[in-house]
Structure formats: C-alpha cells, structure tokens
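1. requesting a structural model of the entry that follows:
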Amino acid sequence: MDAPTEGPGRNAPHRIDPDAAPDDLIIAVEELVRYVRQSARTGGLSTAASSTLARLSREGPRRLTELARAEGVSQPNMTQLVTRLARAGLVRRTADASDGRGVLVAVTPTGAEVLAARRAERARALRQLMEDMTGPERQATATALPALARVIRNRPHPSEEDRA
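-> You can find the predicted model right below:
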C-alpha cells in the first residue's frame, strides 16, 4: 500500500503490509538514512569520510588496510581519504607500536568535535521527524531502531560472511 504523496492524506500514517514488509521497510530505511545524512553539514564531509571518522571514533586507531576492508573500499582510495582527513586535521597517522612498519590512523580531538557536531545534527533531524509521528509511531520507532542496531552489532559483517 502506497502512502499518499499529496493532498489531505499525505501525512496520514503509512501502514506496511506485513507480507510486503521487507521491500517497504528497505525503502523507508533508505529514505531515513538519506534524510538524516543530509542533515549533517558540519565539516563538509562526504559520506565515506564521515563513515570512516565514525568508525575510528567507535573502534579506535586502525591500520589503513583494516579501514579499507571495513569500509568496503580499495586501499588506494582509503589512503587518499585518510590523506584528506589528515590535511583537515581530523585524523592523524601514528606508528604502530606492535609493527614498526605499520601506520595507525586515529581521530584527533578536532575530528572528535566534528563528529560530535554531526551526530548532534543527525539526532536533531531524527528528533524532528519523530515529533511529526503519532505517539504509537514514536514508541514503535524507539523500540525498533535500537533492536535493529543490536541485531546488526551481533551479526558478522557481510564481508566476513563471504569469507566463511
């Protein structure tokens, strides 16, 4: 069932048919991700740069090869991205104490500030969306999003599943 795109019913709650849920849910997730991503403007970062910075903040310093694999990009592309982030003062390269030949990439305090500002912008965007929901929709969203995050955290990364 499609939600009205214009007219008086446009803001009516969209009911998803449980049998068609995966396709409808994917569309809803894509719209949510796009909206929330576009709301984060601090630092003028690309999606790839923002994702890499967030990963480093969550997981700590990483080698370029690990970052490239985790972000699903080639090592040369990750090297270019990290170079841009380093020039902007958002990350720094340091020697890997466990392997003198290796280099670790870490978030700088400036990078952490930019990331926090972007996260606040995205949270504000999500809060504004939720303010337009009915009470039951807000409750369902507040239950569903953390549940999805938990399931995602407990699953192997898709690239790890391919190697199994």
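2. what's the helix or strand containing residue 121 packed up against?
-> Take DSSP states H and E as the rule and residue 121 turns out to sit in helix 109-131. If you count contacts as 3 or more CB pairs under 8 Å, 6 or more residues apart in numbering; DSSP states H and E, helix 109-131 packs onto helix 21-39, helix 47-59, helix 135-154. (Glycine included, C-beta is placed from N, CA and C.)
3. how about residues contacting that helix?
-> 32, 35-37, 39-43, 45, 50, 53-54, 56-57, 85, 89-91, 107, 138, 141-142 (CB atoms under 8 Å, 6 or more residues apart in numbering).
4. next, the angle helix 135-154 makes with that helix.
-> Counting by axes from the mean of the first three to the mean of the last three CA atoms, to 10 degrees, helix 109-131 points 140 degrees away from the direction of helix 135-154.
5. how about helix 109-131, which residues are buried there?
-> 111, 114-115, 118, 121-122, 125-126 (16 or more other CB atoms under 10 Å).
6. where in the chain is pLDDT low?
-> 1-20, 157-164 (pLDDT under 70).
7. what residue lies at the spatial centre of it?
-> Closest to where the C-alpha atoms of the chain average out (CA atoms, centre = their mean) is residue 51, at 5.8 Å.
8. right, and that one touches residue 71 too?
-> Yes. If you go by CB atoms under 8 Å, residue 51 and residue 71 touch, sitting 6.1 Å apart.
9. using PDB, list the CA coordinates for the helix holding residue 121.
-> The C-alpha trace of helix 109-131 is given here as PDB (Å, rounded to 0.1, in the frame of the first residue of the first chain):
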ATOM      1  CA  PRO A 109      40.400  16.000  19.100                       C
ATOM      2  CA  THR A 110      39.200  18.200  16.200                       C
ATOM      3  CA  GLY A 111      37.900  15.100  14.400                       C
ATOM      4  CA  ALA A 112      36.000  14.100  17.500                       C
ATOM      5  CA  GLU A 113      34.500  17.600  17.800                       C
ATOM      6  CA  VAL A 114      33.400  17.500  14.100                       C
ATOM      7  CA  LEU A 115      31.900  14.000  14.600                       C
ATOM      8  CA  ALA A 116      30.100  15.100  17.800                       C
ATOM      9  CA  ALA A 117      28.600  18.100  15.900                       C
ATOM     10  CA  ARG A 118      27.500  15.900  13.000                       C
ATOM     11  CA  ARG A 119      26.000  13.400  15.400                       C
ATOM     12  CA  ALA A 120      24.100  16.200  17.100                       C
ATOM     13  CA  GLU A 121      22.800  17.400  13.800                       C
ATOM     14  CA  ARG A 122      21.600  13.900  12.800                       C
ATOM     15  CA  ALA A 123      20.000  13.400  16.300                       C
ATOM     16  CA  ARG A 124      18.200  16.800  15.900                       C
ATOM     17  CA  ALA A 125      16.900  15.700  12.400                       C
ATOM     18  CA  LEU A 126      15.600  12.400  13.800                       C
ATOM     19  CA  ARG A 127      14.000  14.100  16.700                       C
ATOM     20  CA  GLN A 128      12.200  16.500  14.300                       C
ATOM     21  CA  LEU A 129      10.900  13.500  12.300                       C
ATOM     22  CA  MET A 130       9.700  11.800  15.400                       C
ATOM     23  CA  GLU A 131       7.900  14.900  16.600                       C
END
